[in-house]
Every structure is written in structure tokens, then in C-alpha cells.
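# Pasting the sequence and the predicted coordinates here, then a few questions.
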There are 2 protein chains.
Amino acid sequence: MTNSFHPPQRTLMGPGPSDVSPRVLEALGRPTIGHLDPAFVDLMDDIKGLLQYAFQTENALTLPISAPGSAGMEAAFVNLVSPGDKVIVCQNGVFGGRMKENVERCGATAIMVEDTWGTAIDLNKVKEAFTANPDAKVLAFVHAETSTGVESDAKALCALARENNALTIVDAVTSLGGIPLLVDAWGADAVYSGSQKCLSCVPGISPVTFSQRAVDTINARNTKVQSWFLDMQLVMGYWGGNSKRAYHHTAPVNAMYALHESLVALKEEGLENAWARHSKHHAALVAGLEAMGLDMLVAKEHRLPQLNLVAIPDGVDDAAVRSALLADYNLEIGAGLGDLAGKAWRIGLMGHAASKQNVLLCLSALDNILSAANAPIQSGRAVAAANAIYGV
Amino acid sequence: MTNSFHPPQRTLMGPGPSDVSPRVLEALGRPTIGHLDPAFVDLMDDIKGLLQYAFQTENALTLPISAPGSAGMEAAFVNLVSPGDKVIVCQNGVFGGRMKENVERCGATAIMVEDTWGTAIDLNKVKEAFTANPDAKVLAFVHAETSTGVESDAKALCALARENNALTIVDAVTSLGGIPLLVDAWGADAVYSGSQKCLSCVPGISPVTFSQRAVDTINARNTKVQSWFLDMQLVMGYWGGNSKRAYHHTAPVNAMYALHESLVALKEEGLENAWARHSKHHAALVAGLEAMGLDMLVAKEHRLPQLNLVAIPDGVDDAAVRSALLADYNLEIGAGLGDLAGKAWRIGLMGHAASKQNVLLCLSALDNILSAANAPIQSGRAVAAANAIYGV
């Protein structure tokens, strides 16, 4: 007979999911109610308001998609992009490539603007792409590349799109709650995120927001959205503003309890304080890693505080170190992807995981494991360097 | 400041979600681990095996889609149906209509076979549709119509499709775990279900299974699947049989704990015992309702034990009764849909909710509320009639 599953208690410092706080797990496990229960409808309204705060937007069409961030990405593309459209897609990591797939599966053409993985999107290349393709309808880019730990200048990219009369699709999966993301101030049009990064909720939900300009584009479509499940006009009938909700799908009720609780926690802390917290622990982590002699791979001005790309020292076995971290410290960090596989680690400091406790655990554990493997590091210095940042 | 959400404790006897057992809620709230953690990969393997048992199949491509049943439906259509295909769609309730939407959004043609809501699919009409459309590639139908409480003859429909060299897409959202569903014995090709019905797991996950014939069809496609998120070839890379899993999306880790626990509970009970339990409590509920003078709207031979369509007596205010059940008894039952709105209630006995306690609560509460509203019922007889079935 198969047995119940009891997961190990990990510390999650990879690219997500991040550590989920006890209060969110507790909310998750509360009794299930119906997805049309008046109490659940009230909760839905509350979630919409809290997401508007997190996204810094007044967009009416702001809600959680009942599926992971990949589905949030797809929701943005299938609703805004019609067959025959041209979409400029910036690629400087894994997720730009996924955007290209989405564009092509919509029967549209992707104009690729490529930058080296680990660098930010080059605005000049995007300008050139608009010059060569003045009829581009959408500019799509990743604000915070989870695969490399790079922040691109979302504000400037949104402005560039507006100058060229194009809509923007912004991947904010890893940015929401970790670094400034000002949807209204920047004029972003379709923005999607994930529950399991800096919101520190359980994985499986994708908050999205659409500007009025985006909604007008959806309403003006000549063809039906190719996905029934992700058709925002149908989704809105369920999440919409009036009290009579039309059944569309059965919402993941308990996951919504958890998302709500994580958003309440974010509001209690305050967005600016959450950004500052991520920044502080990032500084401490970097000080410790550099004191150890490890190199950060992203230029300082483009580094995401919530996801840190660290070079693996020569001769060190990537997988062995990560396995030891997991086995001996119950600590998960992320592997490099693509060209960075085997060459870099990705250390997350997302949401609830952005804490002094986690920074010091990670530095101590890495120091111990790398020292034991005779890696070329400066042992015994990391924690003091981090503590100096903390003012200890 | 927005507060944490504390849901009321409901008894869920609507069309789903159904009551979630404490053991499943407890599993749901366990600490989150990474979606590529070795412990999670083991759990995924376990879930696949348990789903094979629940579906009574040896299909290798048996896994849970990380989104609600609506997405499971879409996964079946977008993978099996290509632009230009003909699909025979049986409609005898809400979900057949949704299938039509899916077919059309795939650029295919839906040949509709319509039956009155509340009746089963007429096999002769389906035969005629095949005669008129010998090139139909797929037959799509709903095994257990959640909108009406009707079971159609899935075995015969699958056989008919095979005779006509067509694949089957079978909506088993409400049937899985509640009534016999024999995927291999019947030769069904793409079958999807939901976590929140007779599995009594939290909503948000859609178990699916694809036959080898379906997999061959997917592999032979000339066009990419229009959904990146639901492309089964990509999903398989993550859920696949080898130990090196390719990242596709971040699985809803905690929901998978819950699904696993609900499947373990099903296996402990045994499928046949679960079917018998649904049947027994259905008999008791019907005995009680009929003793009260209420009419069942579905012919006896087509009734789903897990979803009971009951006529609302003349002059009784549908919404007022359901509101009173919710307010005074914390009991949720379902409203009628479509032509049945205001004319029928849907009383669910799904999974953990199929219990004597729930049957007696529902009968007592309905008796009290209807009596107080001077409805034309025989008060005071229902509980005894149900208890007679229980042998009390």
C-alpha cells in the first residue's frame, strides 16, 4: 500500500518556489468552501484589491489566473496577440525563448532581439527593431530574468513601446514584491507574475493585470482567443465587478486562501519595506560570497536582489555541491540553465526567504562544503562579511 | 488593513468542490519543497501510479495537469485536434457546449449531437453522425454530466468510436472515483477529470490519461499544439518516466501533496468500495427525498449517484432555500443550470461527502426549510426512509 507523503523541511533558496511562511501554509489548509460561496466571492474581491496594490495599478482587470506563471504568460499572449501580428520579443534568458514559442503558437511573427544571457536587454537594439518593424503591435520582455538574475529597465522599455504605439507584455514573475514594479506609472499593458517567488505563496497561481489599452485590444479582436480556459473575457465573467458571477471554472479555492494571506502579509509589511528587505539581504549575501572569493556573474547595476547568479569555482562539481546542500543542510539552491549550466548557481532570496537566517545558513553551508571539497575559496570569512552589512 | 481570511466550515453537497477530508487538508499544508526536489520527483511517480489505478489504465501518459478540469478538457482537445479536423461532440448539458467551444478554437469543425438536458446521450444519434461524417476524427462526450446528474454509456460510446476509427475524448470530471470508469477496458483515448469531485481533493488539478493511440496521434501532428502550457509533449518532459526531468512549469507542489493523499485514501478504500459507497448513500438520499414527496428528474437508469437532480416544488423560491441552507446549516447544494435554473437543485454526494451524516443533514435541513416555507411536501418522513436503506 502506498503511504502518505511527508516532505522534508527544506530551506528554499533556489529560483522558486521560495520558502512559504507558516501563516500562508496555515491559511492554505483551512476548510474548503464553494467557489461561488458568498464568502469566497468576498475573498475574490479582496484579492483583486490586494493585487492592485502589489502591482501598483488601478487596472480593473487585475486577478489571479488559476494556474502557474507559464499559464499567466500564455494568457497575456493569447489575448493580446492575433494571427498575423508582429511581436518584438526580447530574449536574454530562458523566458524570452518561451515568449517566442507563445507568439508563434498564436499564428503571429516574433521579431527577436537577443542579448547575451546574464546581461540586461539593450534598449538600442529594441529601438532598432521598432525602426525596422514600425507595424509591431506588441513589445514583450522579461523584467526580472529568473534564469540569470538580471533586471532589465522595464520603465524605459514600456516608454519605448508607447512611443512606437505598441502594447507591452511584461514578465514580472520574479519581480513582483521583490523590486519596484510600477504598472501604472510605467504604462505597462499586460503583466503577469507567479505566486511562488517574492510573494512566497505556494506555487500554482499567476497574478495578472491588464491595462485599459489592453482590454480595448481584447474587445476589438476579430478572432476568438484560442484558449477557452485563458480567455480573459470569460475569466472576467467570473472574477468581474458585479455580484452575480458567471461560472467559468472552479477556482483553486485553498490556493486562493494562501495567495490572499501572502498579499495581506505584503501589505502589512509595505511594498517599499519589502523591496528594502530584499536589497539588504542581497547586499549581505553578496558581501559574504565575495569575501569567500566567489564571483557574481551579473554586472552590479543589473543584479536582481532576489536571484543571485554566482560563478561556480573551477574544478568544483556543480551537482555534488547542490546535492550536499540538500542532503546535509536541507538547503535548495538553483542550477544554472542553458549556457550557464554547470557554470553558475542561482541563489534566491525571495519573499519570506529573504532573511538573515537564510543568508547566514547559505554562506556557512557553502563555505563548509566548498572547503571540504578543497575548492579555491577563502574559508571562514563569509559570515563576518555578511554580518558587517547587517551592522553586527 | 485587510485581515486574514477565515472561511466558514461548510458541508459541500453541491456539484463540487466536495467536502475535503481532514487528512487531505493536513497534507496540503505541509512544508513546500522544490518542484525538482528528488523527494518531489518520487512523489510525482507515486501520483502517476495512483492515477493509473484510479483510471484503471496502464497508459504511460497519465498525470495531473497543473490547473482545473477546464484546462484538462482543453489539454485533450488542443493535443488531439488539429485545424480542419471534424469532431463529433455530444451535448446533453453544459459541458458538451464547452467542448464545442474547444473544438472551434482549435480551428476544427464540431458536428453536434444534441440531447435534452437531463437525458443520456442517444447512441443512435451518434451512429447517424458517424454515418453522415465517416471522416470524423474524434468523438467527444461527457461521461457524467455535472450540470444535470446524468450518466451516459461511456463503454458503448467508446466502442462506437473504435468501430468508426475515431478517437474518444471523455469528460470524466465527475465520474472518476464515483462510478465505474474503465479506461483500458473501454478503450477510451483521452480522459480528463478534476481533483474536487469524487476524489475529494482541493480544486485546481486535472488528472488526465492518454492512450497509446492518442499519443501516436499527438506525435504525428503537422502543427504545434496551440497551447504551450498544455502541450503534452512538453508536459511529459517534466512528468516523464526518466529520472532527469526537464523543467516545463513550476508544479503546484502543495496541491500535489493533497492529490496524492486523496489517491492514497481511494486506494486504501478500494475503487469498488468507493463506487458502492456512492451508490448506497445515493439510494438513501433518493429514498428520503421521495418520501418527502420530491421528484428526481433523471430516469433511474441514468442517474449519477454522486450528483442528484431534484425538482424544486412549485412555488418554492430556489435561491431562498439555498441561502437558508447555507446560512442556517452551513450546507451548500447546487443550483440548476441553463433550462434547469430555478427548476432543479443539484445535490452532490461526492467522495468524502458521500456519507450517512451528510445525507441525514441534507434531508433534515431541506425538510425543515421547506416545511417552514409551506412547500407541498410530506414532512417528517425523509430521515426514516433514508435510515431504512441504511438498515437502521
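Happy to help now that I have it.

# How about the residue of the stretch 1-150 of chain A found nearest chain B, nearest residue that isn't a chain neighbour?
Nearest residue of the stretch 1-150 of chain A to chain B (CB to the nearest CB) works out as residue A:29 at 3.1 Å. Just so you know, the C-beta spots here come from the backbone N, C-alpha and C atoms, and that holds for glycine as well. With CB to CB, 6 or more residues apart in numbering or on different chains as the criterion, residue A:29 has its nearest non-adjacent residue at 3.1 Å, and that residue is residue B:29.

# From residue A:265, how far out is the one you found?
To residue A:265, residue B:29 is 16 Å away according to CB to CB, to the nearest Å.

# show me what contacts the residue of the stretch 1-150 of chain A closest to chain B?
Contacts for residue A:29 (CB atoms under 8 Å, 6 or more residues apart in numbering or on different chains) come out as A:254, B:25, B:26, B:28, B:29.

# do residue A:12 as well
Residues in contact with residue A:12 (CB under 8 Å, 6+ apart) are A:18, A:19, A:332, A:348, A:353, B:32, B:33, B:34.

# Just to be sure, it is in a strand?
Yes. Assessed with DSSP: H, G, I helix; E, B strand; the rest coil, residue A:12 lies in a strand.

# shaky segments in chain A?
Within chain A, the segments meeting pLDDT under 70 span A:1, A:241-244.

# Tell me who's in contact with residue A:329.
Residue A:329 is in contact with A:11, A:361, A:365, counting by CB under 8 Å, 6+ apart.

# Next, count neighbours for the nearest residue to residue A:185 once chain neighbours are set aside.
Nearest residue to residue A:185, sequence neighbours excluded (CB to CB, 6+ apart): residue A:56, at 6.8 Å. Each residue near residue A:56 was counted by other CB atoms under 10 Å in any protein chain shown, and the total is 17.

# Spell out which residues sit in contact with residue A:56, please.
Listed by CB under 8 Å, 6+ apart, the contact set of residue A:56 reads A:181, A:182, A:183, A:184, A:185, A:271.

# Kindly provide the distance from the second one to chain B.
From residue A:182 across to chain B, the span is 21 Å (CB to the nearest CB, to the nearest Å).

# Tell me which stretches of chain A form helices.
Here chain A has its helices, by DSSP state H, at A:22-28, A:38-55, A:69-80, A:94-105, A:123-132, A:154-163, A:183-186, A:212-219, A:232-239, A:253-269, A:271-291, A:318-329, A:356-372, A:382-390.

# list the contacts for the closest residue to residue A:219 other than its chain neighbours?
Once flanking residues are discounted, residue A:219 sits nearest to residue A:233: 7.6 Å by CB to CB, 6+ apart. Counting by CB under 8 Å, 6+ apart, residue A:233 touches A:218, A:219, A:225.

# Would you mind putting those into JSON lines with distance to residue A:89 and neighbour count alongside?
As requested, the contacts of residue A:233 are arranged in JSON lines below (distance: CB to CB, whole Å; neighbours: other CB atoms under 10 Å in any protein chain shown):
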{"residue": "A:218", "distance to residue A:89": "20", "neighbour count": "19"}
{"residue": "A:219", "distance to residue A:89": "24", "neighbour count": "9"}
{"residue": "A:225", "distance to residue A:89": "19", "neighbour count": "23"}
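
# and which of these is nearest chain B?
Among the contacts of residue A:233, and counting by CB to the nearest CB, the member closest to chain B is residue A:225, at 7.4 Å.

# Spatially nearest residue to the closest one (excluding sequence neighbours)?
Leaving out its chain neighbours, the residue that sits closest to residue A:225 by CB to CB, 6+ apart is residue A:231, at 4.2 Å.

# Hmm, the one you found is touching residue A:79, no?
Yes. With contact defined as CB atoms under 8 Å, residue A:231 counts as touching residue A:79 (7.2 Å).
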